[in-house]
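1. from the sequence below, what's the structure:
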Amino acid sequence: MILSSFLFDLNEFTEVMMKDAILSATVSSRSLRSYIRKLVSRESDVEDVLHDTYLKMADAQQTIEEPTHYAHRVAKNIVHDMHRQQFRQHELLDEEPACDKSELDNVIEHSQRIELYQRIVARMPKVRREVFIRYRVQGQTKADIAKNLGLSTDSVDKHITRALTTLKGEMALLINEKEGK
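-> Residues are numbered from 1 along each chain as shown. Coordinates of the predicted model:
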């Protein structure tokens with residue numbers, strides 16, 4: 001039992017030593033590194049391919065007759081796989097729906113318009129501003145506004161009409177200035 005265990009360990013040890021010898025010969029070879037440099041553009045890719053090559057060689061199940069040739073072949077295959085993967089990722093990005101820029105522009109434009117409305121409303125006379133905000137923003141009825149502010153409903157109507165006219169006029173001026181007209 002001990003002898004068979006010893007022989008098994010010896011066989012395993014011999015196999016590991018053979019792989020290490022192959023790897024050592026390949027690791028010391030500068031030709032593999034320069035070969036990989038010719039296949040890829042970034043130095044970090046050279047290191048990645050070199051690392052993956054050594055891992056694949058270590059996992060090889062068969063005896064490697066020509067380690068340098070085998071290492072070059074493995075490295076070339078790894079680079080091809082890398083390029084395929086990058087191409088697929090690029091294709092996926094091309095297929096994804098692009099950000100609808102007009103939607104983003106609409107959000108920004110809406111936000112800017114709200115800001116402009118607020119500035120215009122802030123410059124209105126106090127009573128007109130109060131009537132307009134209560135009616136358009138808070139949703140109060142004209143009768144409730146008239147009652148709460150001590151105004152007639154006709155006066156409330158005039159304040160709302162003038163506020164809307166002011167908003168339209170000033171927004172038109174600002175838009176024309178922005179467009180350079």
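2. which neighbouring elements make contact with the helix or strand encompassing residue 47?
-> Taking DSSP states H and E as the definition, residue 47 sits inside helix 43-58. Helices and strands touching helix 43-58, as assessed by 3 or more Cβ pairs under 8 Å, 6 or more residues apart in numbering; DSSP states H and E, comprise helix 2-27, helix 30-39, helix 67-95. For the C-beta atoms, the positions are set from N, CA and C on the backbone; glycine is no exception.
3. give the next helix or strand downstream of the longest one.
-> Pointing back at helix 67-95 there. Sequence-wise, the next helix or strand downstream of helix 67-95 (DSSP H and E) is helix 101-122.
4. buried stuff in that following helix?
-> Within helix 101-122, the residues that count as buried by 16 or more other Cβ atoms under 10 Å are 120, 121.
5. contacting residues around residue 32?
-> Shown in contact with residue 32 (Cβ atoms under 8 Å, 6 or more residues apart in numbering): 26, 50, 53, 68, 71, 72, 75.
6. now with 6 Å?
-> residue 71 (Cβ atoms under 6 Å, 6 or more residues apart in numbering).
7. one more: residue 168?
-> Taking Cβ under 6 Å, 6+ apart, one finds nothing in contact with residue 168.
8. one step back: quickly, which of the helices and strands packed on helix 43-58 bottoms out on average pLDDT?
-> The stretch with the lowest mean pLDDT among the helices and strands packed on helix 43-58 is helix 2-27, at a mean of 53.
9. residue 74 touches residue 55, doesn't it?
-> No - with contact defined as Cβ atoms under 6 Å, residue 74 does not reach residue 55; the gap is 9.4 Å.
10. neighbour count winner among the two?
-> Set residue 74 next to residue 55 and count neighbours by other Cβ atoms under 10 Å: residue 74 wins out with 21 against 12.
11. still on that earlier bit, could I get the helix holding residue 47 in PDB with only the CA atoms?
-> Presented in PDB, the C-alpha positions along helix 43-58 are these (Å, rounded to 0.1, in the frame of the first residue of the first chain):
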ATOM      1  CA  GLU A  43       1.800  45.900 -23.700                       C
ATOM      2  CA  SER A  44      -0.800  44.900 -21.100                       C
ATOM      3  CA  ASP A  45      -2.300  42.500 -23.700                       C
ATOM      4  CA  VAL A  46       1.200  41.000 -24.200                       C
ATOM      5  CA  GLU A  47       1.400  40.100 -20.600                       C
ATOM      6  CA  ASP A  48      -2.200  38.700 -20.500                       C
ATOM      7  CA  VAL A  49      -1.600  36.500 -23.600                       C
ATOM      8  CA  LEU A  50       1.800  35.400 -22.200                       C
ATOM      9  CA  HIS A  51       0.100  34.400 -18.900                       C
ATOM     10  CA  ASP A  52      -2.800  32.600 -20.600                       C
ATOM     11  CA  THR A  53      -0.300  30.800 -22.900                       C
ATOM     12  CA  TYR A  54       1.600  29.500 -19.900                       C
ATOM     13  CA  LEU A  55      -1.600  28.300 -18.200                       C
ATOM     14  CA  LYS A  56      -2.700  26.500 -21.300                       C
ATOM     15  CA  MET A  57       0.700  24.800 -21.700                       C
ATOM     16  CA  ALA A  58       0.600  23.700 -18.100                       C
END
